[in-house]
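Peer 1: The following comprises the amino acid sequence and a computationally predicted model.
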Amino acid sequence: MTARGRLAGVSTTVDPVTVRPRVWRTVVWLAAAAMLAGSTWVAVTMPPTGAGQVAQVQPLDRIATVGLGAIVAGAVLVLARPRVAADSHGIRVRNVVGGYELPWSSVRQVRFDRDSWWATLELVDGDELSLLAVQVLDGKRAVAAVRALRRLHAAHTHPGAAGRADAGAADQPG
């Protein structure tokens with residue numbers, strides 16, 4: 001079944017959803033930039049000789065310090081990786097480590113409990129899958145994302161229920 005259909009003479013359209021955490025990504029990018037800036041500052045301000053005048057800081061040492069800062073900043077940016085994309089075919093979840101592609105028939109419920117930091121998918125087999133891209137830090141934006149995911153889920157598992165998809169588990173963060 002597609003996301004577009006006719007039910008009781010009314011056109012129903014459920015748009016695809018793509019979600020990335022806004023606040024978390026900003027924090028991660030700022031942290032990575034601070035690490036790179038810090039390592040650059042250390043490299044530039046290194047004294048040319050060590051205590052006791054035994055060792056000398058070479059240009060290669062300064063380059064290595066900036067390079068190490070760039071590597072650490074790049075590793076931190078992995079934390080900005082979470083994303084959720086959903087459409088009529090199913091839902092694709094990319095967390096910090098690993099990714100999943102699931103058909104809607106594998107999903108029992110999209111949950112965003114009041115005491116949770118992020119939304120979860122309750123799967124038909126009893127497992128839960130965290131949606132790290134839908135975080136409580138994003139407030140109303142996260143709630144809107146959960147509602148949109150619920151509408152897509154309802155449209156593809158229970159045709160005609162897309163309008164009732166917001167009824168269910170708590171969806172207000174906090």
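Peer 2: Perfect, I can see it now. This one's a predicted model, so the numbers in the text were calculated from it and none came from an experiment.

Peer 1: ok, residue 117 - how many residues close by?
Peer 2: Close neighbours of residue 117, defined as other C-beta atoms under 10 Å, add up to 12. To be clear about C-beta, it is placed using only N, CA and C from the backbone, and glycine gets the same treatment.

Peer 1: who's in contact with the helix or strand residue 34 falls within?
Peer 2: For residue 34, the host element (DSSP states H and E) is helix 22-45. Applying C-beta atoms under 8 Å, 6 or more residues apart in numbering, the contact partners of helix 22-45 are 61-63, 65-66, 68-70, 72-74, 76-77, 79-80, 82, 135, 137-138, 141.

Peer 1: how near is residue 89 to residue 142?
Peer 2: In this view, residue 89 and residue 142 are 23 Å apart by C-beta to C-beta, to the nearest Å.

Peer 1: What of residue 115?
Peer 2: Going from residue 115 to residue 142 by C-beta to C-beta gives 14 Å.

Peer 1: Looking at the two, which is more packed in?
Peer 2: The residue with more neighbours, out of residue 115 and residue 142 and counting by other C-beta under 10 Å, is residue 142; that gives 25 against 8.
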